[in-house]
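K.L.:
Okay, structure incoming, though there's no sequence with it:
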């Protein structure tokens, strides 16, 4: 392991023209950290992921991955997208998707099938039994397991999860988040988990980054998710309620319901 | 062929027009080049078809082929090589579709705009062309004896370019087609690949127009790949089967068409359609049985 943290943002800002999305962001993730990123639509959650992926340059400040500036196509960053519908007739099996995570970005038809590595990744997420099933015939929860295996293909030091729970039912939400938690424990990868809904990841979250129109807050869930804090971030009264280990945020745009049909 | 002169149409008569294997050996040596062209086209069509399916470009194939027809018709009128005209027409169409239609909905409307325009231009050029009507019809429905040595080497060269290009971009193109979000996150240049594939598709369509004609290009660029993906999901088996189906359809169609005096395309399209039907039936029963043995209900 190097001494450099998997992810470090220093006074990072991002603006599109006149509109500042976020600014003055300081954040250091250590190996195995679980960071949950919350915030309303348009608060720059996706932009943050794009910046880490090297697809979106910062306006100012710095963003480094293991001490090096973020760059497009880095093998140190794994990416788990939202679950999308895949046509059952698409000729891609679970194992093929995982293999793409290993060498899908290389030119040529590819000589090695990486069979052992693929088996190992599928076994790690409990997806071995449906390795040969076409992706479109798997349930949403099964597809997301395969996605996790795919994202781990390059042994990344950060795992970016871009609302991977959308359109999953509660049981599968729990399974997928628990699997991501186990993965970070087993591999030491840091996790950046973008979500609309805190509760499925609350048990595993070390820190919350709350992006909001009037600024941002970083810290332990209990410190960040308070009525006072969020009211300040939104500029309107927001109430945070705790009930049986769950957090309910009332007011503040879309947090009263959790499944947002539109990704952006 | 006295039978065709008899006015009363009998079923024998129909049969003779469709299938006639008299002097088959002599005929075969005449269309030697066409058979090679058919095999090469099957190879290209089978491979390209896999990506046409994955990228949902069936309508684009049809649109490009109409522009390819317009190019070929213009070439016929102005006395330049028909293959060249056809290639220019389809590459132009591919570039326009590739540049303007990055999103599926935009793409389909652009194709819908281009296609009738191309077909109209083609009809205009053909009606101005003073030569034989058989040449004209051949561009739309296919021809078998028109392949001389020069043209064959041109067709083979174009095929080699398409296959080499496809092999180079194979993995990232598959990634970008099946899983665009993650491919983009991994730094795969999805836009550039999409454009590169449109160019290769343009060349492949121009090839197919030479053998099956503009109206029936889909029978070699879609049907074989669609059939193959009904019975397998393996990234190796699907392209291989698709190529085998396309070659069977193209070469089989030419061989059957030899003796009859109807165009080649009904034979090609029928073989390719029958293969599709069989694959669909096999695939359906396989899906009912659960595709692969899944040891336990997981998750």
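P.N.:
It's in. Computed from a prediction, not measured in an experiment: that's the story for all the values here.
K.L.:
can you count the residues close to residue B:75?
P.N.:
21 (other C-beta atoms under 10 Å in any protein chain shown). C-beta: built from backbone N, CA, C; applies to glycine.
K.L.:
measure it to residue B:122 for me?
P.N.:
To residue B:122, residue B:75 is 11 Å away according to C-beta to C-beta, to the nearest Å.
K.L.:
Could you do residue B:170 as well?
P.N.:
The gap separating residue B:170 from residue B:122 is 33 Å, by C-beta to C-beta.
K.L.:
Could you check which of those two is surrounded by more residues?
P.N.:
Each of residue B:170 and residue B:122 has its neighbours counted (other C-beta under 10 Å); residue B:122 has more, 25 against 20.
K.L.:
For the more buried one, pull up the helix or strand it's in.
P.N.:
helix B:104-128 (DSSP states H and E).
K.L.:
Contacts for that helix next, please.
P.N.:
Helix B:104-128 is contacted by residues B:56, B:59-60, B:62-63, B:66-70, B:72-74, B:76-77, B:89, B:93, B:96-97, B:100-101, B:136, B:139, B:214 when judged by C-beta atoms under 8 Å, 6 or more residues apart in numbering or on different chains.
K.L.:
other SSEs contacting the helix or strand hosting residue B:160?
P.N.:
Under the criterion of DSSP H and E, residue B:160 resides in helix B:149-178. On a contact count with 3 or more C-beta pairs under 8 Å, 6 or more residues apart in numbering or on different chains; DSSP states H and E, helix B:149-178 meets helix A:94-103, helix B:32-54, helix B:82-100, helix B:180-185, helix B:190-212.
K.L.:
Quick check: chain neighbours aside, which residue is closest to residue A:164?
P.N.:
Leaving aside its chain neighbours, residue A:164 sits nearest to residue A:80 (4.8 Å; criterion: C-beta to C-beta, 6 or more residues apart in numbering or on different chains).
K.L.:
That neighbour against residue A:158, yeah?
P.N.:
No: using C-beta atoms under 8 Å as the test, residue A:80 is too far from residue A:158 to be in contact (11.4 Å).
K.L.:
Would you map the strands across chain A?
P.N.:
Using DSSP state E, the strands of chain A run over A:7-16, A:19-29, A:34-38, A:60-65, A:68-69, A:77-80, A:158-162, A:190-194, A:207-212, A:215-219, A:239-243, A:246-250.
K.L.:
And the fourth one, what does it pack against?
P.N.:
For strand A:60-65, the helices and strands in contact under the criterion 3+ C-beta pairs under 8 Å, 6+ apart are strand A:7-16, strand A:19-29, helix A:45-52.
K.L.:
Let me see the mean pLDDT of the last one.
P.N.:
Taken as a whole, helix A:45-52 has an average pLDDT of 94.
K.L.:
packing partners for it?
P.N.:
Using 3+ C-beta pairs under 8 Å, 6+ apart, helix A:45-52 is in contact with strand A:7-16, strand A:19-29, strand A:34-38, strand A:60-65, strand A:158-162, strand A:190-194.
K.L.:
Kindly reformat those strands as CSV and extend each row with mean neighbour count and mean pLDDT.
P.N.:
As requested, the helices and strands packed on helix A:45-52 are exported to CSV (neighbours: other C-beta atoms under 10 Å in any protein chain shown; pLDDT from 0 to 100):
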stretch, mean neighbour count, mean pLDDT
strand A:7-16, 17, 95
strand A:19-29, 17, 94
strand A:34-38, 24, 96
strand A:60-65, 16, 96
strand A:158-162, 25, 96
strand A:190-194, 25, 97
